[in-house]
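# here is the input, now give the coordinates:
(chains A, B and C)
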Amino acid sequence: MIELRDIRKVFNSGKPSEFSAVQGISLFIEAHKATVLKGPSGSGKTTLLSLIGCMARPTAGRIRLLHTEITSLPERFLTEIRRKTFGFIFQQFNLIKGITALENAMLPAYPLGEKFSSIKKRGLHLFELFNIAPKANSKAEWLSGGEAQRVTIARALMNNPSVIIADEPTAHLDTKLSLEFMEILGKLKEDGKTLLLASHDPLVYESRVVDRVVNLRDGRIEGAGE
Amino acid sequence: MRKSSVFFIYLFIQIVLLGSMFTHASYKQQTGLSHLQEKVNLVQRLGLTDLCLFTEASYTRHLSLADFHTAFQDSPMALEHFPSGSLVIRPPMDKKMYENVD
Amino acid sequence: MRMWIERHRNILDFTLSSLVRRKRKNAALVSVYTLIVFLLASVLLFTYALREEASILLKEAPEMIVQRLVAGRHDLIPVTYLERIEAIRGVSSVKERLWGYYYDPVVGANYTLMVAEDQDVAPGLIAVGEGVSRTRLASPGDTIEFRTYQGVTIELEIRKTFSSESGLVSSDLVLISEDDFRKVFGTPKEYATDLTVRVRNPKELPTIAMKVAEILPDTRQVLREELLRTYDAIFNWRGGILLAILFGAVLAFIIFAWDKASGLSVEEKREIGILKAIGWETSDIIRMKFWEGLVVSLSSFLMGILLAYIHVFFTSFMLFEPVLKGWAVLYPAFKITPFIDGAQVASLFFLTVVPYTVATIIPCWRAAIVDPDSVMR
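You can find the predicted model right below:
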């Protein structure tokens, strides 16, 4: 589904602080499967995720999404693709404080010009799916860790993307919540979504939901595992 | 109700009020014509030259008839003596008119 | 088209939620902004309406006033001058005017005593303006004492008071008979306060004025055109209080714009990063900031100008009374006809809304074009 060829990402190019986060990675992400990028911090997991998710451009190399070359697309098209194809779950939750949980989840759909009432309906439906409907009108900062995590999942699903990208999703969750999270991901996979995660948490990469683990170290792939 | 709806309603009310402000003004201008005429009549009848705005001093009461000297008549240091003196200016002199007199 | 509307409405919804978050700060912002607009608009509305009315009323003022100056001071004018002016070609009428200032020690107010040419007021009677009536708490039938130049006190009865609607010209007037006037001030019969001149052809006025200056070198001629110009320039921007308000208002605008334009807080930058990460485009961020600026400035403008209108035309410019009154005791009740200059309102709108909205958008530009992956770190 997603093909990466010889991807390189260099930060602060030309300056003394220059460093390569990703050095020559070629990878194929299969559709409808769950892939985990595993590795210590600094191995380039987050960078790779952001490159795949059209959040940043690679310094060198090519990325293809469903046979379409996306590396050289102008920003407008890239954003369009990102909006429609990918849903993001961040490590830090990254909810906007001061507004309600529901409104946070509805945000990705705002600029697409959809009717407010239908966005709201979809949001509430997702909230019910993840059992957080009673928290819909609570302010984001009053949510517990698990509730916030589920809001971010709902937000990621708002535009009905085909790929979910999650960066260290269990970093702020206890064991119980982490297991629940993997269960939700399992259901999403059953619904046909493609999952791509970065994690160094064994609860994630050893989960039966995961189809493939890719080991990263120092910006390169170490080996592929099942 | 949606926040944006509340805002638009608020905006709409304000704009309606603004419109009625202009309407009120022109209404008052119409109905005020008789009072305006009353004042015009007084001006004509008495040959008035100034509006009664500041009754502090002669040069603030009759702005048109005062000149640069008038303030000094009240006191040598008088030019901005009275508070309203800081609000009004001396009548502008039409220098062109008096050019040929010299 | 529909999509465009919905998109803007959605973004506006978020913007409003965002503003409501910091309720107190934003409420204070809107209040202060409204106050500034209110003050500025009040002054603008008041001065414009006053100038308009002045130009209408004084169009009927005498074409020329002839005053006599002695040693630089305004002095009485001999009535013989009248015939000499009448002789000038083009003059249709010359009349003597008797008027003067009377200081009333009872209330500490200055009245303008005037003799009406049509002798409408009989000896022993006076007609007073509503300001006089109000300050002396005297109505028709009551008497007011006047101390003559000889130290004698005479009592004059109020026959009628001028309406309060005519206050703009009559508030401090005391219309008195000629005999009583000369009794109070001692003005000899051969003299008048000044002369009013009406001419046949207004175009000849400057020429006639020059002739008067020639034949009567100790006089000064005030033309109607100068009257109108005086009142047009009244409350000129240069004048003290107006400058202070304008300066204060401009300073306040600058402070606001500076606060907005000097960059976003870390919190705001982070939020923009999040929005971009979840799919908002740069242009959507700009739209959001546009609405943010517009909501604040537009509400302030509308509220400010409505309050200003009520302030000026319903409460007679109440808040500025101490400023305008100064040391005067007799203060006219400003019943002004609401003449509004649409152009002024429009420029106030542009001055209030556009710079602020632009200042809200500009600093976010840099943050808005940032790569969304910054939020992943």
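# pLDDT score for residue 90?
Here I'm looking at chain A. According to the prediction, A:F90 has pLDDT 86.
# try chain B instead
pLDDT, read off for B:R90, is 65.
# just A:R217 next, same as before
Taking A:R217 on its own, its pLDDT is 84.
# just confirm yes or no for the longest helix seen in chain B near chain C.
Secondary structure of chain B per DSSP state H: the longest helix is helix B:3-31. Yes - on the criterion CB under 8 Å from any CB of the partner chain, helix B:3-31 is in touch with chain C at B:3-4, B:6-7, B:10-11, B:14-15, B:17-18, B:21-22, B:24-25, B:28-29. Yep, even glycine has a C-beta here, placed from its N, CA and C like the rest.
# so where's chain A uncertain?
By pLDDT under 70, the weakly predicted segments of chain A are A:223-226.
# what separation do you get for the closest residue to chain B within it and A:G123?
Using CB to the nearest CB, the single residue of chain A nearest to chain B is A:F116, 6.0 Å away. Applying CB to CB, to the nearest Å, the value for A:F116 to A:G123 is 10 Å.
# same check, this time on C:F181
Taken as CB to CB, the span from C:F181 to A:G123 is 85 Å.
# same question, C:I65
78 Å.
# what do you get for C:A308?
43 Å.
# cool, C:G186 as well?
From C:G186 to A:G123 the distance is 91 Å (CB to CB).
# those two - which one has more neighbours?
A:G123 (25 against 10; other CB atoms under 10 Å in any protein chain shown).
# kindly confirm my reading that that one is in a helix.
Yes - A:G123: assigned to a helix according to DSSP: H, G, I helix; E, B strand; the rest coil.
# enumerate the residues of chain A near chain C.
Counting by CB under 8 Å from any CB, chain A comes close to chain C at A:46-47, A:49-50, A:55-56, A:75-76, A:79, A:82-83, A:88, A:90-91, A:94-100, A:103, A:107-116, A:119, A:155, A:159, A:167.
# separate out the buried members of these.
A:46-47, A:49-50, A:55-56, A:79, A:82-83, A:88, A:90-91, A:94-96, A:98-100, A:103, A:107-114, A:116, A:119, A:155, A:159, A:167 (16 or more other CB atoms under 10 Å in any protein chain shown).
# in what helix or strand does A:I221 lie?
For A:I221, the host element (DSSP states H and E) is strand A:220-225.
# er, C:A27 actually
Using DSSP H and E, C:A27 falls in helix C:23-57.
# what does C:F256 give?
Per DSSP H and E: helix C:240-261 holds C:F256.
# so how far is the helix or strand following that helix off the chain centroid?
Downstream of helix C:240-261, the next assigned helix or strand under DSSP H and E is helix C:266-277. Distance of helix C:266-277 from its chain centroid, counting by CA atoms, centre = their mean, to the nearest Å, is 48 Å.
# after helix C:266-277, next one along is what?
helix C:282-313.
# report the mean confidence score over that next one.
On average, the pLDDT along helix C:282-313 is 92.
# name the residues of that helix that come out as buried.
Under the neighbour-count criterion of 16+ other CB under 10 Å, helix C:282-313 has C:282, C:284-309, C:311-313 buried.
# point out the residues in chain A that sit beside chain B.
Near chain B, when you scan chain A using CB under 8 Å from any CB, you find A:F116.
# now the helices: where do they sit in chain A?
Using DSSP H, helices in chain A cover A:45-52, A:75-85, A:101-106, A:116-129, A:145-157, A:175-190, A:202-205.
# tell me which of those sits most buried.
Neighbour counts (mean count of other CB atoms under 10 Å in any protein chain shown) averaged over each of the helices of chain A peak at helix A:101-106, with a mean of 26.
# just the CA coordinates of it, formatted as PDB?
Taking Å, rounded to 0.1, in the frame of the first residue of the first chain, the C-alpha atoms of helix A:101-106 are listed here in PDB:
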ATOM      1  CA  ALA A 101     -13.600  16.500  24.100                       C
ATOM      2  CA  LEU A 102     -16.200  16.300  21.400                       C
ATOM      3  CA  GLU A 103     -15.100  19.500  19.800                       C
ATOM      4  CA  ASN A 104     -11.500  18.200  19.800                       C
ATOM      5  CA  ALA A 105     -12.600  15.100  18.000                       C
ATOM      6  CA  MET A 106     -14.600  17.100  15.500                       C
END
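# please name every helix or strand in contact with that helix.
helix A:116-129, helix A:145-157 (3 or more CB pairs under 8 Å, 6 or more residues apart in numbering or on different chains; DSSP states H and E).
# in CSV: those, plus distance to C:L16.
Below are the helices and strands packed on helix A:101-106 laid out as CSV (distance: least, CB to CB, whole Å):
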stretch, distance to C:L16
helix A:116-129, 12
helix A:145-157, 20
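# what's the closest of these to A:K38?
Closest approach to A:K38 among those is made by helix A:145-157 (20.2 Å; CB to CB).
# and that closest one, what does it pack against?
Using 3+ CB pairs under 8 Å, 6+ apart, helix A:145-157 sits against strand A:86-89, helix A:101-106, helix A:116-129, strand A:163-167, helix A:175-190.
# list the buried residues of stretch C:274-283.
So stretch C:274-283, judged by 16+ other CB under 10 Å, has buried residues C:274-282.
# now flag whichever of those is closest to C:R136.
The closest of the buried residues of stretch C:274-283, once distances to C:R136 are taken by CB to CB, is C:L275, at 69.4 Å.
# wait, that closest one sits on C:S283?
No - C:L275 is beyond contact range of C:S283, at 11.9 Å (criterion: CB atoms under 8 Å).
# how about the contacts made by the residue nearest the centre of chain A?
Most central in chain A under CA atoms, centre = their mean is A:I165, positioned 1.9 Å from the mean C-alpha point. Residues near A:I165 by CB atoms under 8 Å, 6 or more residues apart in numbering or on different chains: A:49, A:52-53, A:86-89, A:196-197.
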